Structure formats: structure tokens, C-alpha cells
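Everything below, folded, please.
(3 chains)
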Amino acid sequence: MSLKRTIPMTTVSGFGVSAVFILTILNILMQNMPSNIYRAGDELLKLNATDGVANSVTTVVVYFRGFDTLGEIAVLFIASLGIGLMLTNNNLNNISQENSNFMLQIGAKLLSPVIFIFGLYIMIYGHLSVGGGFQGGVIIASGILLLLISSNGFHISHKFVEIFETLAGVSYVVIGLIGLIILDSFLGNFLPYDISKMGLLLSGGIIPIIYIIVGIKVGSEMSVIVDNMLKRNIDD
Amino acid sequence: MLGLVILSSFISIILIAFKTIIEPKLSHTIVLSMGIGLNAVILFVAFQAPDVALTQAVIGIGISSVILLMGLKHLGGNYES
Amino acid sequence: MIETLLNFLNQEEVLQVIIVIGSMILFFIGLFGILTQRHFIKIFISIEIMEIAIFIFFIGLAFQKGKTAPMLGDGITKFINMNDPIPHAMILTAIVIGMAVLALGVSMAIEYNKLTGITTIDKMNGLKN
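Prediction:
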């Protein structure tokens, strides 16, 4: 075993994570607690009707508890980084090249587009029905897992996935900062939202956009985790 | 009817969990743990929490068992504990 | 006979008793597994059983009979007479974190096995030598 292992994330993503932490701490220091919310559940449900989002779990996850979602994404990133550090194998020559089952190959070709479309649907319609970014991202990662175990020639390029991941993480913070500049609160809903349009796809302001960003981030991290678990060389 | 669904799901999840703990073969253990997740999905639907049910179905049954199976493969086959 | 049994089970207090006792039994089954089993995979599965018990307990305490899911839909146009969405959001994040921690633990076990060749915790006595 060689001790020399490359960290599979670029320094850009490292800067992104440190920026997330610094901005979160600054925001917690700068924000005031609202003093008019005494009971959590019913008051939040009444407030929720002003945001134009049908699924109130989405509102709680993305809007009222947006900081916690940011922290949770950071935890997922650190877990993915740790798995990549432990299981990254630079020697790709010894990976077994035998073909998978014929039925599995044909079935994966038929099923994988359906799985991807289902994951995208769940991710995009998270503010109108059951679902959201976490579930949709994991469904897309399971589709990638199906492609990885079925076909020999399919490899996900880690550079591409890192670009997705970095863009998603940075845009989350950027949207939050725009809300801070315009509306004086982190993740403020600065896009126009109309209660009478509740139920349409383009409703709810920034809430569906943020859930789609969360979905991209979770999907890319899960794909990297699954790829690292599969590509591990046994015989070194 | 709701009480019967909840009671039978609890009985089933407890029996499967006990069988999971005392089962000697590890691959059987992982498949039985998927049964625990499936019963938990039924309970979450009965408790009117469809978001949590979908998350448990995708993550707790799908990805977790894949990760455990990969770990079992790398840790060396069907070891009997 | 069947009618009286179903009506007895549908009472709110009976449902809460079933939820509390059932999830506690499930939790202690997981604890029993952690204390008695020795293989890494068995211990991870026991931790997963304990996690699921806590999720069921948390969601079940927030459940009130007769209230719907916190979501607008066909025929439901107002946010009244619904369950509390905050426990749902917390458990939704907790499930994702539990999966990430499980994957990290499994990868640590794989790396430890690669370095030493040990798969059970009763042979982990490296500090003794």
C-alpha cells in the first residue's frame, strides 16, 4: 500500500466549503431571531400560505431551516470526501474486466432513462407534491449505479462531477447572499411569488430553485460515493 | 383499520429485526434489513408522512443495502459470524 | 368481535401506547445486536435498526389521528387540520445523514480490513501488543 494518495477534490471545492462555513457563522452572528413565533407548528403553517408552495415540508426544509440544509450538505460533502480519501485507488489496471450478465445489460438500457426521468420529476416537482432534492438526487445516483454495474465502458469522470458539485454549492450561497442584500435575511425570497399561482410549476419564488440545487449536489455526491465503493480494487 | 395496520407492522418489524440479529449468514442479514426498511415505509405512510416514507424507501432500502453489500464483498465473502 | 377489536385499536391512546412500546422494543433489539454481535456488518445493521426505531418514535409522536399529510392537493386548499411538518423535515434530513455516516463507517471498516485482515471486533487488540 502506498501512502501517497491524491485528494479527489480540487482546491476550488475546498475554497467553496470554507466560504460556506465562514458565511454561515457570519450570518448566525448577524441575524436576529423573530420574536413573534411562539408555537412552531400552527404559526409556521399559517406563514406557509404566504409563500405559494403546496408542500409545507419543502418550505420547512428549504426556507425556514435553510441553514440546517446548508450544514447538512456540508456534512454530506465531508462524508464523501472521507470515503474518497479512504477508498481512492490510483492503480486502475487490476480492476476485473469481465462482462456482466446479458439480461442486466439489456434491462439497464431499457430502465435507466426511466429512472433518470423519474428522479428529475421528483426533484423539479418537490414544491408541489411528495419529493424534493434529496430523494431525486438519490434516485439519479441509483440510476448511475445501475449503469455502473451493467456496462463495462461506462465511467463517470470525477472532474465533471466536481464541477457540478462546486457550482451547486456556490450558487446556494450566492442565492442566499442575494436575499441577504435585497431583503435583509439570508435566503430571503426575492423572486416574485403569487399565492394565486400556487400549484403551477413556476411558483414559490426561490424555493424550487434551491431544492433543485440541493438535488444536483446530493446526486453528484452520492454518485461519487457509489463509484468509489464499486471501483475499489480487491487484490492490492 | 389504521390501528390494525400499525399493530401488525410493528409485530412484523420486531420479528424481522430479531431474525436479523440472530441470523448467522451475513448476506441473509442484509436482505432481512431491507425488510425492516420496508416495514418502516408502511408505518410512515400510516402516520401521514409521505415525504419521510419516500426518503426511507429510496435511501434506507436502496442505497444503504448496496453500500452494505459492497462492504461485505470487500470484507471477504459470506462470512458466518 | 372483530368490530370491537378494530374500534379498540383505533383509539388515540391505544395507538400512542403501541407506537411507544413497539419502537422501544425495536431500539433495544438494536442495542442487543450491538452488544452481542462481533462482525462489522452486523454492528452497522444494528445501528441502522436503532436509527429506524428512533425515526418511527419521532414521527409517531407527531402523528394525530384524523389529520392529513401537510400538503395541499386535490380538494385540500387550506393549511388547516394537518400534521406538524417540522418533525417530518427533521427526520428527512436525519435519514440522509444516517446513510452518509453508514457509508463512511463501511469504508473505514474496509480500510481497516485491508491493513490488518481483521473482520471482527473481538480480534481488534492491536494496542495490547
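
can you pull the contacts of the most centrally placed residue in chain B?
For chain B, the residue sitting closest to the mean C-alpha position, by CA atoms, centre = their mean, is B:I36 at 2.6 Å. Contacts of B:I36 were listed using CB atoms under 8 Å, 6 or more residues apart in numbering or on different chains, and they are B:13, B:16-17, B:20, C:48-49, C:52. Heads up, the C-betas are built off the backbone N, CA and C, glycines and all.

what comes up buried for the longest helix belonging to chain C?
Criterion DSSP state H: the longest helix present in chain C is helix C:85-116. Buried residues in helix C:85-116, counted by 16 or more other CB atoms under 10 Å in any protein chain shown: C:85-96, C:98-100, C:102-114.

Number of residues surrounding the residue lying closest to C:K65 once chain neighbours are set aside?
Leaving aside its sequence neighbours, C:K65 sits nearest to C:E12 (CB to CB, 6 or more residues apart in numbering or on different chains; 5.1 Å). Look at C:E12: counted by other CB atoms under 10 Å in any protein chain shown, it has 12 neighbours.

Quick check: the gap between C:E12 and chain A.
18 Å (CB to the nearest CB, to the nearest Å).

I'd say that residue and C:F63 touch.
No - using CB atoms under 8 Å, C:E12 is not in contact with C:F63; the gap is 9.6 Å.

For the residue nearest to the centre of chain B, report the pLDDT, please.
If you check B:I36, the pLDDT there is 93.

Find the nearest non-adjacent residue to the residue in chain B that chain C sits nearest to, please.
Across chain B, the shortest distance to chain C (CB to the nearest CB) belongs to B:G3, at 2.8 Å. Leaving aside its sequence neighbours, B:G3 sits nearest to C:L9 (CB to CB, 6+ apart; 2.8 Å).

who's in contact with that neighbour?
B:2-4, B:6-7, C:15, C:18.

The helix or strand of chain B with the lowest mean pLDDT and chain C, are they touching?
Ranking every helix and strand in chain B by mean pLDDT, DSSP states H and E puts helix B:64-74 at the bottom, with a mean of 88. Yes - against chain C, helix B:64-74 shows contacts by CB under 8 Å from any CB of the partner chain at B:64, B:67-68, B:70-72, B:74.

any residues touching that helix, and which ones?
Contacts of helix B:64-74 (CB under 8 Å, 6+ apart): A:142, A:145, A:225-226, A:229-230, A:232, A:234, B:26-27, B:30-31, B:33-34, B:37, B:78, C:40-41, C:44-45, C:48, C:99, C:102-103, C:106-107, C:109-110, C:113-114.

which helices and strands does the strand or helix carrying A:S171 pack with?
A:S171 belongs to helix A:158-183 when assigned by DSSP states H and E. On a contact count with 3 or more CB pairs under 8 Å, 6 or more residues apart in numbering or on different chains; DSSP states H and E, helix A:158-183 meets helix A:11-30, helix A:66-87, helix A:207-230.

any idea of the mean pLDDT for the shortest one?
Helix A:11-30 comes out with an average pLDDT of 71.

Could you do the second one as well?
For helix A:66-87, mean pLDDT rounds to 88.

what's the answer for the last one, then?
Per-region confidence: helix A:207-230 scores 90 on mean pLDDT.

Check whether that helix comes near chain B.
Yes - Helix A:207-230 is in contact with chain B by CB under 8 Å from any CB, via A:222, A:225-226, A:229-230.

May I see the ChimeraX selection of the buried members of these?
Here is the ChimeraX command that selects the buried residues among these (16+ other CB under 10 Å):
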select /A:222,225,226,229
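
Now distance to chain C too, for the residues of helix A:207-230 next to chain B, in a markdown table please.
Shown next, in a markdown table, are the residues of helix A:207-230 next to chain B (distance: CB to the nearest CB, whole Å):
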| residue | distance to chain C |
| --- | --- |
| A:M222 | 9 |
| A:I225 | 5 |
| A:V226 | 9 |
| A:M229 | 7 |
| A:L230 | 12 |
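
Out of the residues of helix A:207-230 next to chain B, which comes closest to chain B?
Nearest to chain B, judged by CB to the nearest CB, of the residues of helix A:207-230 next to chain B is A:M229 at 4.4 Å.
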